[in-house]
Structures are given as C-alpha cells and as structure tokens.
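Q: Predicted model, plus sequence, below.
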Amino acid sequence: MSLEQQLIERLEQLCPTHLDVVNESSGHGGYFPGKESHFKAVIVSDVFAGLRLVQRHQKIYAAAGDLLSPGKIHALAIHAFVPEEWKNQDTTSPECAHAPKA
C-alpha cells in the first residue's frame, strides 16, 4: 500500500468531515517518478474544537505515527480546521526552492 493511502487511512481516525491528502513530492528536489516523501494534509474535524494549533498538529502526528520516520514521509504540511474555520481557507503550498526546474 502506498504511503499516501496509509496516511489517509490513519488520518481518517480523526473523523474528518473533509480530508485531502496530496503527494507534493514532485515539486521537491531529488524527485523521481513514484517517490513519496512530501505530503500536504488538509483536514477538517470536530476533534480539533477547543485545541490550539500545536495541539491539532500533535493529534495529526500521533495518528500518522511511524509514517513520519526516516525513510518514509520526510515532510508533512498540515492545515487543520474545525468546520466553522474551513470556509474560504487558502491551503495552497508555496513553491519549493529546490524544486526541479523545467
């Protein structure tokens, strides 16, 4: 099973009303076809209610577990919201300075 699919399954434990996991590896240095190293997770869940941003991230790190270990996911951009915060949020990722040049 791909790292992306494993990450999705683990984040589904947080009962999201919206979950979008994007493999952004191709926009980073050292990319080759099939590489899975850089991801973005946009997750909207009531489990984040009353939590500070760092606490939301800690819940996501705990759910991802060993997927964030060396040789697996190198970087995870996190956008964690409660449903009331989600509307009109920009979760666009910046371009990596080490991205392959066309």
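A: In hand now; what should we look at?
Q: quick one, what contacts the nearest residue to residue 44 once chain neighbours are set aside?
A: Spatial nearest neighbour of residue 44, chain neighbours left out: residue 18 (4.0 Å); criterion: C-beta to C-beta, 6 or more residues apart in numbering. For glycine as for every other residue, the C-beta is placed from the backbone atoms N, C-alpha and C. Contacts of residue 18 were listed using C-beta atoms under 8 Å, 6 or more residues apart in numbering, and they are 42, 43, 44, 86.
Q: if I look at the residue lying closest to the last one once chain neighbours are set aside, how far off is residue 53?
A: Among residues not flanking residue 86 along the chain, residue 44 sits closest, at 4.6 Å (C-beta to C-beta, 6+ apart). Between residue 44 and residue 53 the computed distance is 14 Å (C-beta to C-beta, to the nearest Å).
Q: if we can go back for a sec, phi and psi next, for the residue nearest to residue 86.
A: Backbone torsions of residue 44, given as degrees, to the nearest 10, read phi -120, psi 120.
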